[in-house]
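**Q** got a predicted structure here, sequence first:
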Amino acid sequence: MIKVCKFGGTSMADANAIKQVKSIIELDSSRRYVVVSAPGKRFKDDIKITDMLYRCYDEVVEFGTCKKSFSIIRERFVQIVKDLGLSLDINAVLDKTEKEINESKCADFSASRGEYLSAVVVANFLGYEFIDAAEMIRFDSHGKLNDDYTADKVYNRLQNVERAVIPGFYGKNFQGNIKTFSRGGSDITGSIIANGVKADLYENWTDVSGFLVCDPRIVPEAKVINQITYKEVRELSYMGASVLHAEAIAPVMRKRIPINIKNTFKPQDKGTMIVPNDQYDAKANDSVITGIAGKKNFTVLLIEKSMMNAEVGFIRKVLSVVEHFDLCVEHLPSGIDTLSVILGSDQLKDGVLSDLVSEIRENVNPDYVHVMENISLIATVGHGMARRHGTAATLFTALANENINIKMIDQGSSELNIIIGVANSDYEKCIHAIYKAFN
Ligand code: ASP
């Protein structure tokens, strides 16, 4: 039995948290490979080490040295090592790291050092081997993870290593330079390592007891999801549920390795099990829907043209314009004579929106293009919906009862989720209403 455990920033925040991590690891001998984040926040207004490291980079660009910001990082690691009672010469490691940050003049390199330092400390504390992620994780020339190469590297590097600590969040690109994943990317590292060593379980230790049905800031009594499928998590993470990085599913999905989201500070809680579809136990949760997640600030372009359905290539032409502006399309619901293009509003600043609308007008000659801004998208996810009738009715009745005007509906053919668009001002009310309707 092999378990890969990833511990997030709060689990690394100070010596007490790291001691708790050690006790968790030592409770189960199959917890052989440990992936760590950089120390996160200890209290609400604290600054994450990764954020400090981005500041270091800015300081190097401006002043040629990161002395000021790095001193805060130094203080934090020195304190952790002291409180853990280690004889590790952390100042020597920090001196070298500071020098490398100054010399590299690279944001990714600088940001990656939080995980690097965390892993050095934790490996020393556990008495495990430190193995650098940069030795195993490769990005291709387009900056994308080179999956097969990486999986082979991980397998070869770790197959004869009984126990190791590996820094999360980064690897190397094809030119040999350090490259990070997007923020929260240590979750991806954990998944990559689990895939590479063919783990039986990927435990993702964080500071909450699993995925909640919806955001507890909106519904404080939101329940924990006991079991959820990979695809449902992808949908929820993509739509803003922040427990697990949206890209952390793909690596383990290949080998059907389950993920257990666990709480470092409440290890007795079962957490959420993320499993392939055919391992899903329909009785695990007590609701038809698994979760609700959403995001604010989308823009909808409603394009109308009579006889659109008969015009070959219409949608392609619209999408070519969108591609020309290098924009990501979120959803594309369509009718006989209408097409809605839904885009994240942050992509449409500085006049991009009006240029886009003009170019669409020029290229496809629509009857009209109507722009709706300040739209929230809310996904109600649950693969149980496919086997039942009445889910949509329950959802829409709940919203009607709250006088919420639905501006867009999109249900994929997989029946895994129903996505609705509402005004930003209805966002919280809408999530509340859906939660209440199904729980
Ligand atoms: N330390 C990185 C971040 O703050 C990566 C991670 O914690 O997963 O985003």
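**A** Structure's in. What do you need?

**Q** can you pull the buried residues of the lowest-mean-pLDDT helix or strand in the chain?
**A** Every helix and strand in the chain was compared by mean pLDDT, DSSP states H and E; the lowest is strand 408-411, with a mean of 85. By neighbour count with 16 or more other C-beta atoms under 10 Å, strand 408-411 contains the buried residues 408, 410-411. All C-beta spots, glycine's among them, are computed from the backbone N, C-alpha and C.

**Q** and stretch 43-57, by the same measure?
**A** Buried positions in stretch 43-57, judged by neighbour count with 16+ other C-beta under 10 Å: 48-57.

**Q** before we move on, what about stretch 175-189?
**A** 178-181, 184-189.

**Q** and the ligand, which of those residues contact it?
**A** 184-187 (C-beta under 6 Å from any ligand atom).

**Q** count the neighbours of the residue of the stretch 251-400 of the chain found nearest the ligand for me.
**A** Using C-beta to the nearest ligand atom, the single residue of the stretch 251-400 of the chain nearest to the ligand is residue 264, 13.5 Å away. Neighbourhood size, residue 264 [other C-beta atoms under 10 Å]: 21.

**Q** per-residue pLDDT, it?
**A** Note on residue 264: pLDDT of 98.

**Q** now swap in the one 3 residues further on and tell me
**A** In this prediction, residue 267 carries a pLDDT score of 97.

**Q** repeat that for the one 4 residues further on.
**A** Confidence per residue is given as pLDDT, and for residue 271 that number is 97.

**Q** so what's it up against?
**A** Counting by C-beta atoms under 8 Å, 6 or more residues apart in numbering, residue 271 touches 209-210, 224, 260-263.

**Q** go again using 6 Å as the cut-off
**A** Neighbour list for residue 271: 209-210, 260-262 [criterion: C-beta atoms under 6 Å, 6 or more residues apart in numbering].

**Q** what's the distance between it and residue 228?
**A** Plainly put, residue 271 is 11 Å away from residue 228 if you go by C-beta to C-beta, to the nearest Å.

**Q** burial count for residue 123?
**A** Neighbours of residue 123 using other C-beta under 10 Å come to 21.

**Q** you'd agree it is up against residue 164?
**A** No. Counting by C-beta atoms under 6 Å, residue 164 is not a contact partner of residue 123; they are 7.5 Å apart.

**Q** tell me the gap between stretch 419-438 and the middle of its chain.
**A** Mean-position distance between stretch 419-438 and its chain equals 22 Å (C-alpha atoms, centre = their mean, to the nearest Å).

**Q** which pLDDT does the model give the residue lying closest to residue 280 once chain neighbours are set aside?
**A** Nearest residue to residue 280, sequence neighbours excluded (C-beta to C-beta, 6 or more residues apart in numbering): residue 229, at 5.2 Å. Predicted confidence (pLDDT) for residue 229: 93.

**Q** ditto for residue 407
**A** pLDDT at residue 407 comes out at 90.

**Q** that one and residue 299: what is the separation?
**A** On the measure of C-beta to C-beta, residue 407 and residue 299 end up 11 Å apart.

**Q** ditto for residue 426
**A** Going from residue 426 to residue 299 by C-beta to C-beta gives 16 Å.

**Q** what does this structure put close to the ligand?
**A** Residues of the chain lying close to the ligand (C-beta under 6 Å from any ligand atom) are 8-9, 37-38, 48, 50, 114, 168-169, 183-187.

**Q** can you do 5 Å?
**A** Residues of the chain found near the ligand (C-beta under 5 Å from any ligand atom) are 9, 37-38, 50, 169, 183-184, 186.

**Q** which of those fall within strands?
**A** With strands taken from DSSP state E, there is no overlap with the residues of the chain next to the ligand.

**Q** columns pLDDT and distance to residue 355 on top of those residues, output as CSV?
**A** Below are those laid out as CSV (pLDDT from 0 to 100; distance: C-beta to C-beta, whole Å):
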residue, pLDDT, distance to residue 355
9, 97, 40
37, 98, 40
38, 98, 40
50, 98, 35
169, 98, 36
183, 95, 30
184, 95, 33
186, 98, 38
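
**Q** now, those residues that are in helices?
**A** The helices, defined by DSSP state H, take in 50, 186 from the residues of the chain next to the ligand.

**Q** what about the residue nearest to residue 14 when sequence neighbours are not counted, is that helix, strand or coil?
**A** Distances taken as C-beta to C-beta, 6+ apart place residue 42 nearest to residue 14, at 5.6 Å, with adjacent residues excluded. Assigned with DSSP: H, G, I helix; E, B strand; the rest coil, residue 42 falls in the coil class.

**Q** which residues touch residue 56?
**A** Per C-beta under 6 Å, 6+ apart, neighbours of residue 56: 66, 69-70, 101, 110.

**Q** format the residues you listed as JSON lines; extra columns: pLDDT and distance to residue 30.
**A** Shown next, in JSON lines, are those (pLDDT from 0 to 100; distance: C-beta to C-beta, whole Å):
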{"residue": "66", "pLDDT": "96", "distance to residue 30": "40"}
{"residue": "69", "pLDDT": "96", "distance to residue 30": "39"}
{"residue": "70", "pLDDT": "97", "distance to residue 30": "38"}
{"residue": "101", "pLDDT": "97", "distance to residue 30": "36"}
{"residue": "110", "pLDDT": "98", "distance to residue 30": "35"}
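
**Q** quick check on those: which are buried?
**A** Buried members of those, counted by 16+ other C-beta under 10 Å: 66, 69-70, 101, 110.

**Q** check those against the ligand and report the nearest one.
**A** Using C-beta to the nearest ligand atom, residue 110 is the member of the buried ones among the contacts of residue 56 that lies nearest the ligand, at 11.9 Å.

**Q** just give the nearest non-adjacent residue to residue 135, would you?
**A** residue 157 (6.1 Å).

**Q** tell me the secondary structure at that neighbour.
**A** helix.

**Q** so what's residue 31 up against?
**A** Each residue near residue 31 by C-beta under 6 Å, 6+ apart is listed here: 3, 5, 25.

**Q** from the residues of the chain next to the ligand, which is closest to residue 397?
**A** Closest approach to residue 397 among these (C-beta to C-beta): residue 184, at 36.1 Å.

**Q** residues in contact with that closest one?
**A** residue 245 are the contacts of residue 184 under C-beta under 6 Å, 6+ apart.

**Q** apply 8 Å and report the result again.
**A** Residue 184 neighbours (C-beta under 8 Å, 6+ apart): 242, 245.

**Q** check residue 96 too.
**A** Per C-beta under 8 Å, 6+ apart, neighbours of residue 96: none.
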